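Student: Predicted model, plus sequence, below.
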Amino acid sequence: MKEEIKHAAEAIASHPKTSAVIAASPLYAIINNLNPIMDFVATLMGIVLVCVLIRYHWQNTKKIMKNDE
């Protein structure tokens, strides 16, 4: 069993692409676990953006109405 682990470790170490994928897999797991939080934050930011755009449009409409009078 130890010999098989040793061969697997040597194979991984000798292939840089494979070792990069294995090194990045914990990072992927962390990002995947944060996915619901990221979705919530993105939704909140979208709502804030819509509110800001509505307010901006409302103020510009008031300015245009004043200039037309």
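Tutor: Structure received.

Student: State the phi and psi torsions of Leu34.
Tutor: Phi and psi for Leu34, reported as degrees, to the nearest 10, are phi -90, psi 0.

Student: Please apply the same query to His15.
Tutor: Dihedral angles for His15 - degrees, to the nearest 10 - are phi -120, psi 110.

Student: how close does the residue nearest to the spatial centre of the chain sit to Met45?
Tutor: Geometric centre of the chain, nearest residue: Met38, 6.5 Å, by C-alpha atoms, centre = their mean. From Met38 over to Met45 the distance is 10 Å, taken as C-beta to C-beta, to the nearest Å. C-beta coordinates here come from the backbone N, C-alpha and C atoms, glycine included.

Student: rewinding a little: what's the pLDDT at the residue nearest to the centre of the chain?
Tutor: Per-residue pLDDT puts Met38 at 83.

Student: now swap in Asn33 and tell me
Tutor: At Asn33, pLDDT is 79.

Student: and what of Glu3?
Tutor: Looking at Glu3, its pLDDT is 77.
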